[in-house]
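>>> sequence and predicted structure, then a few things I'm wondering about:
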Amino acid sequence: MSHIIGIDIGTSGIKVGAMNKEGVMAYLEYQPYSLLYPQKGWVEIDLKDIWCKTKSLLLKVWHQVEMEGTIDAVSLSTFCNSSVFLNEKGEPLSHGIMYLDQRSKAEADWIKDVVGEDLLYEVTRNRLEPGMYTVTTHLWFKKHHPDLYEQTHKWGNLSTFILHKLTGCFVMDWTQSSFTGMYDVVNYQWSSKIYEKVGIDGEKLPKVVDPHSIIGDLILPGVSSKGTVPVVAGAADTSCSAVALGVGINEMFESVGTSNVLTVCTDQPDCLDSRFLNRCHVIKDRWLSHGAMSFPGVSIQWFYEQWLKPEGHTKAIFEDLCKQSPIGANGVFFLPYMQGERSPIWDANARGVFAGIHLNTSKADMFRAILEGCSFGLRQIYEIIETNYKLQVDHFSSIGGGSKNKDWAQIKANVLNKCIHIKSISETGVLGACLIGGTAIGYFSSLEEAVGKINNPTVCQIEPKQDQLQPYDRLYHVFLELYPSLKTFFAISAAQSLKGGE
């Protein structure tokens with residue numbers, strides 16, 4: 001039986017799986033990897049380590065599929081965004097620099113002055129923020145590592161690096177280039193108005209391709225095939241998830257992992273909100289607008305690593321811990337801004353905060369406060385969607401590893417007063433990549449047909465509890481006072497930190 005292999009590289013792990021022509025997923029393999037934090041505010045990835053693990057998983061899945069059939073294509077999904085600097089052979093000249101990285105604040109301010117914020121938004125339909133829009137990191141690297149920059153043949157992101165390893169080609173699909181800060185998301189081209197103004201050589205930019213593009217044949221040693229195996233560009237992970245869920249125009253879904261994101265699909269680029277992350281969808285002339293909180297999943301992981309794991313607890317404790325604290329966490333509130341925040345506040349200086357701790361505060365209260373604080377932040381994002389996108393829903397689909405946390409899902413359902421549909425297949429990055437690949441090589445005539453082939457039922461519906469709506473509404477409006485009260489403090493604290501505590 002014929003299969004397509006999908007690769008999905010997220011912010012904490014790598015998944016590889018295979019899908020047959022009937023849209024059935026199988027042979028799923030997973031391996032985690034670690035982010036690197038070399039300095040305060042810096043977040044990097046070890047590209048060689050990620051490739052080694054990706055290659056290992058790909059070969060493992062390949063050999064399993066070969067036992068019963070053939071591989072017709074390979075397709076890619078990766079997190080977005082990162083900066084990588086590659087020599088002519090496609091080898092990295094440094095670690096990749098993550099979208100969470102804050103080292104390029106000065107470059108971001110300089111670009112805003114030189115280019116102008118109005119032109120930046122007109123072209124990219126995004127605000128410019130350090131790290132998240134990688135033109136800032138590009139300039140930081142050029143300034144601080146001129147010798148390595150001179151050796152750079154192509155700059156790109158993680159997908160550029162992986163696709164080169166698979167094919168020898170330097171490319172970037174348009175869902176990824178949307179977050180570079182110098183791509184025209186309406187006209188689908190690099191913007192010379194931006195990259196020339198900031199002094200970037202256009203020859204160092206990779207070719208931008210349609211996610212459905214076959215960019216080359218697989219050149220991976222260790223695989224056998226009766227013929228050539230095409231590699232399809234694929235797309236950014238949330239874009240792949242939108243494909244897998246069949247999200248249409250004026251529809252919304254939630255993804256829960258390291259980040260927590262509400263994504264809306266639109267065919268009206270002029271309505272894109274500057275408080276969101278806006279990109280080209282896989283389907284041309286559609287755009288995805290992401291209300292993205294950076295650290296909800298990480299906040300939960302941090303709490304486990306620091307407070308529960310040292311006592312010998314497994315994550316099974318999450319099932320009971322939240323229930324040991326009442327609604328409102330006994331007066332404790334939590335700001336989930338562990339290293340700055342994107343939507344809706346866009347403040348790189350913001351930090352995580354527990355407020356209202358008292359002598360009777362328990363670990364259960366603190367854990368529940370994290371779940372509630374992350375849920376209140378999600379409501380802020382939904383209210384933007386409801387107001388600016390004129391979109392009102394009574395339910396939405398939820399995907400990703402964090403969607404399986406039913407206590408958290410219940411709190412979100414209560415805070416938003418929405419029914420949450422938890423989907424059977426949470427590996428929608430892999431699935432979406434396979435569907436894009438299948439469409440590219442003719443398994444399906446369109447993505448719509450492809451989505452109709454798959455079976456991804458709702459395994460659980462979390463209904464809002466009516467008796468908890470008013471209490472959470474009151475708590476939400478208290479939560480809204482917390483960040484504005486601390487905004488000046490965050491700015492002063494960040495400035496003091498830069499002085500080294502003098």
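Happy to help now that I have it. Everything numeric here is computed off the predicted structure, so don't read it as measured data. Residues are numbered from 1 along each chain as shown.

>>> show me where the stretch 151-300 of the chain has its helices.
Counting by DSSP state H, counting those that start in this stretch, the stretch 151-300 of the chain has helices at residues 158-167, 174-177, 192-195, 237-245, 296-303.

>>> save these as a markdown table, and put in mean pLDDT too.
Output for the helices of the stretch 151-300 of the chain, formatted as a markdown table (pLDDT from 0 to 100):
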| stretch | mean pLDDT |
| --- | --- |
| helix 158-167 | 98 |
| helix 174-177 | 98 |
| helix 192-195 | 97 |
| helix 237-245 | 94 |
| helix 296-303 | 94 |
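
>>> so can I have a markdown table of these showing mean neighbour count?
All C-beta atoms are positioned from the backbone trio N, CA, C, and that covers glycine. Formatted as a markdown table, the helices of the stretch 151-300 of the chain follow (neighbours: other CB atoms under 10 Å):
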| stretch | mean neighbour count |
| --- | --- |
| helix 158-167 | 24 |
| helix 174-177 | 29 |
| helix 192-195 | 18 |
| helix 237-245 | 29 |
| helix 296-303 | 20 |
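
>>> to residue 138, which of these lies closest?
helix 192-195 (8.9 Å; CB to CB).

>>> show the contacting residues for the residue nearest to residue 350 when sequence neighbours are not counted.
Nearest-residue entry for residue 350: residue 337, 3.8 Å, with adjacent residues in sequence omitted and distances by CB to CB, 6 or more residues apart in numbering. Contact partners of residue 337, counting by CB atoms under 8 Å, 6 or more residues apart in numbering, are 294, 295, 345, 347, 350, 351, 352, 353, 483.

>>> follow-up on the earlier one: ok, which of the helices of the stretch 151-300 of the chain comes nearest residue 269?
helix 174-177 (13.2 Å).

>>> run the chain-centre distance for the closest one.
13 Å (CA atoms, centre = their mean, to the nearest Å).

>>> tell me which residues of stretch 382-395 are tucked away?
382, 384, 385, 388, 389, 393, 395 (16 or more other CB atoms under 10 Å).

>>> now those as JSON lines including distance to residue 28 and secondary structure?
Below are the buried residues of stretch 382-395 laid out as JSON lines (distance: CB to CB, whole Å; DSSP: H, G, I helix; E, B strand; the rest coil):
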{"residue": "382", "distance to residue 28": "31", "secondary structure": "helix"}
{"residue": "384", "distance to residue 28": "35", "secondary structure": "helix"}
{"residue": "385", "distance to residue 28": "32", "secondary structure": "helix"}
{"residue": "388", "distance to residue 28": "37", "secondary structure": "helix"}
{"residue": "389", "distance to residue 28": "34", "secondary structure": "coil"}
{"residue": "393", "distance to residue 28": "30", "secondary structure": "coil"}
{"residue": "395", "distance to residue 28": "27", "secondary structure": "strand"}
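
>>> between those residues, which sits nearest residue 365?
Out of these, the member with the shortest distance to residue 365 (by CB to CB) is residue 382, at 25.4 Å.

>>> not counting sequence-adjacent ones, nearest residue to the closest one?
Per CB to CB, 6+ apart, closest to residue 382 is residue 416, 5.6 Å.

>>> element containing the residue lying farthest from the centre of the chain, please.
For the chain, the largest distance from the centre (CA atoms, centre = their mean) belongs to residue 359, which lies 37.9 Å off. Under the criterion DSSP states H and E, no helix or strand holds residue 359.

>>> now do residue 459
strand 458-462.

>>> contact partners for residue 183?
Applying CB under 8 Å, 6+ apart, we find residue 183 in contact with 123, 124, 174, 177, 189, 190, 191, 208.

>>> mind giving me the ChimeraX command for buried ones among those residues?
Here is the ChimeraX command that selects the buried residues among the contacts of residue 183 (16+ other CB under 10 Å):
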select :123,124,174,177,190,191,208
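
>>> with distance to residue 287 added, can I get the contacts of residue 183 in a markdown table?
Listed next are the contacts of residue 183 as a markdown table, based on distance: CB to CB, whole Å:
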| residue | distance to residue 287 |
| --- | --- |
| 123 | 14 |
| 124 | 12 |
| 174 | 11 |
| 177 | 13 |
| 189 | 15 |
| 190 | 18 |
| 191 | 16 |
| 208 | 16 |
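
>>> looking at the contacts of residue 183, which are in strands?
Among the contacts of residue 183, the ones falling in strands (DSSP state E) are 189, 190, 208.

>>> what's across from the second one in the sheet?
Beta-bridge pairing of residue 190, defined through DSSP bridges, involves residue 183.

>>> ok, it to residue 174 distance?
11 Å (CB to CB, to the nearest Å).

>>> find residues that contact each of those two.
183, 208.

>>> just to revisit the earlier point, what's the neighbour count on the residue nearest to residue 382?
25 (other CB atoms under 10 Å).

>>> cool, and residue 137?
Neighbours of residue 137 under the rule other CB under 10 Å: 29.

>>> I figured it was touching residue 102, is that so?
No: shown here, residue 137 and residue 102 do not form a contact pair, counting by CB atoms under 8 Å, at 10.1 Å.
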